[in-house]
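Novice: what's the 3D shape of this:
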Amino acid sequence: MIPRIIFILCLLISASGFVSPPVALAIGLVFGLALPHPYGKEAKKSSKFLLQASVVGLGFGMNLRQVIHAGRSGFVYTMLGISFALLAGMALGKLFNVHRVPAFLISTGTAICGGSAIAAVGPITEASDEEMAVALGTVFVLNSVALLIFPSIGAGLGLSQSQFGLWAALAIHDTSSVVGAAAKYGTEALAIATTVKLARALWIVPVSVGTAMVRGAKAKIQWPWFIGLFCLAAVCETYLPAGAQEYAIAVKAAKIGLTATLFLIGSGISIATIKRVGHRPLMQGIILWLLVLTSSLWLIRVGWIRL
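Specialist: The predicted structure follows:
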């Protein structure tokens, strides 16, 4: 009874609009590590939908021209970055004796967009529930770390809004954590991070198709519907200015929804989750993430990657 009351109170606080995304995530992590989750399955299902709905809402604050520009200008380095992460991830998986399927899931999640990518390619690889849990657990743990440390690192290195937004989109796994970190850094960083990350998330489709072709799988490929709705929302914001007031309300609601999502995600990280992941997949995920993190940061700072 007490965990239920505490969970509901923490959720209400996170959704109040007075709590920042990192604080909501921290509250969720403390709850998840300290108390048994009374609504584990429900929270997991709700966080996925709420995240996607929040991303769509943020689209009402984005200009379509920015989305198109981010996707077009970043095509080459996105393709190269995804290829590098996949190849390096599989090599690390072999080095650490991680089974091929979870190694591929972790590599895909790091390369594209975390849990969404894992959820898309998991059925195609015929991954078991345990393999999915290992990959998702690894990504969620690293996401939590990234959301907490990225803004401080960016400020310490003196990254501009544009540089930080680009770095967050390239080096943080899940869209929720990308948006949360960028929102803390600044408005311009948020706009850039969201558009670049969503343009990158479109690569779920070709990677899923390629995986299905290689494996000869007949599993249905999951199209990330929320990306299409995000673009539709951006179309409204760009070409239908009459609804500016309603768009502003939608964006504000989306930011609150995102903050609540981060609490739900944090509450799902328990000691049991960390133990279930194990040290070998976690080592693969950490080293791969550090490779992506440092290489993308260096390329951005020297000006080789920019918008």
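Novice: any idea of the pLDDT on Met132?
Specialist: If you check Met132, the pLDDT there is 78.
Novice: okay, now the unreliable bits of the chain?
Specialist: 22, 66-67, 69-74, 129, 217-224, 277, 307 (pLDDT under 70).
Novice: show me which residues of the helix or strand containing Leu136 are buried.
Specialist: Applying DSSP states H and E as the criterion places Leu136 in helix 129-157. Under the neighbour-count criterion of 16 or more other Cβ atoms under 10 Å, helix 129-157 has 131-132, 134-144, 146-148, 150-151, 154 buried. Quick note: C-beta positions are derived from backbone N, CA and C, even for glycine.
Novice: and it, what does it pack against?
Specialist: Under the contact criterion of 3 or more Cβ pairs under 8 Å, 6 or more residues apart in numbering; DSSP states H and E, helix 129-157 touches helix 21-34, helix 100-111, helix 115-121, helix 161-171, helix 175-185, helix 244-267, helix 271-277, helix 279-301.
Novice: now the second one - C-alpha only, CSV.
Specialist: Provided in CSV are the C-alpha atoms of helix 100-111 (Å, rounded to 0.1, in the frame of the first residue of the first chain):
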residue,chain,number,x,y,z
ARG,A,100,24.9,-12.6,-30.9
VAL,A,101,21.3,-11.4,-30.6
PRO,A,102,21.6,-9.3,-27.4
ALA,A,103,24.9,-7.9,-28.8
PHE,A,104,23.1,-6.9,-32.0
LEU,A,105,20.2,-5.4,-30.0
ILE,A,106,22.6,-3.3,-27.8
SER,A,107,24.5,-2.2,-30.9
THR,A,108,21.4,-1.2,-32.7
GLY,A,109,20.0,0.7,-29.7
THR,A,110,23.2,2.6,-29.4
ALA,A,111,23.5,3.3,-33.1
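Novice: and it, what's buried?
Specialist: Neighbour-count burial for helix 100-111 [16+ other Cβ under 10 Å]: 101-111.
Novice: what does stretch 39-46 contact?
Specialist: Under the criterion Cβ atoms under 8 Å, 6 or more residues apart in numbering, residues 4, 7, 37, 264, 267-268 lie in contact with stretch 39-46.
Novice: what's the answer for stretch 149-160, then?
Specialist: With Cβ under 8 Å, 6+ apart, stretch 149-160 has contacts from 22, 163-164, 167-168, 171-172, 181, 184-185, 297, 300-301.
Novice: what's the neighbour count on the residue lying closest to Gly57 once chain neighbours are set aside?
Specialist: Leaving aside its chain neighbours, Gly57 sits nearest to Ala254 (2.7 Å; criterion: Cβ to Cβ, 6 or more residues apart in numbering). Other residues lying near Ala254 total 22 when counted by other Cβ atoms under 10 Å.
Novice: residues contacting Ala254?
Specialist: Listed by Cβ under 8 Å, 6+ apart, the contact set of Ala254 reads 53-58, 60-61.
Novice: out of those, which one sits closest to Leu290?
Specialist: Proximity of the contacts of Ala254 to Leu290 (Cβ to Cβ) peaks at Val55, which lies at 26.6 Å.
Novice: burial check on Ser267, number of neighbours?
Specialist: 29.
Novice: and for Ala250?
Specialist: Per other Cβ under 10 Å, the neighbour tally for Ala250 reads 20.
Novice: equivalent analysis for Lys48, please.
Specialist: 18.
Novice: got phi/psi on it?
Specialist: For Lys48, the backbone dihedrals (degrees, to the nearest 10) come out as phi -60, psi -50.
Novice: give the contact list for it.
Specialist: 115, 119 are the contacts of Lys48 under Cβ under 8 Å, 6+ apart.
Novice: returning to that earlier point: looking at the contacts of stretch 39-46, which is nearest Ile82?
Specialist: Gly268 (26.5 Å).
Novice: quick one: the helices and strands packed on helix 129-157 as JSON lines, columns for distance to Phe75 too.
Specialist: As requested, the helices and strands packed on helix 129-157 are arranged in JSON lines below (distance: least, Cβ to Cβ, whole Å):
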{"stretch": "helix 21-34", "distance to Phe75": "29"}
{"stretch": "helix 100-111", "distance to Phe75": "15"}
{"stretch": "helix 115-121", "distance to Phe75": "18"}
{"stretch": "helix 161-171", "distance to Phe75": "13"}
{"stretch": "helix 175-185", "distance to Phe75": "19"}
{"stretch": "helix 244-267", "distance to Phe75": "27"}
{"stretch": "helix 271-277", "distance to Phe75": "33"}
{"stretch": "helix 279-301", "distance to Phe75": "15"}
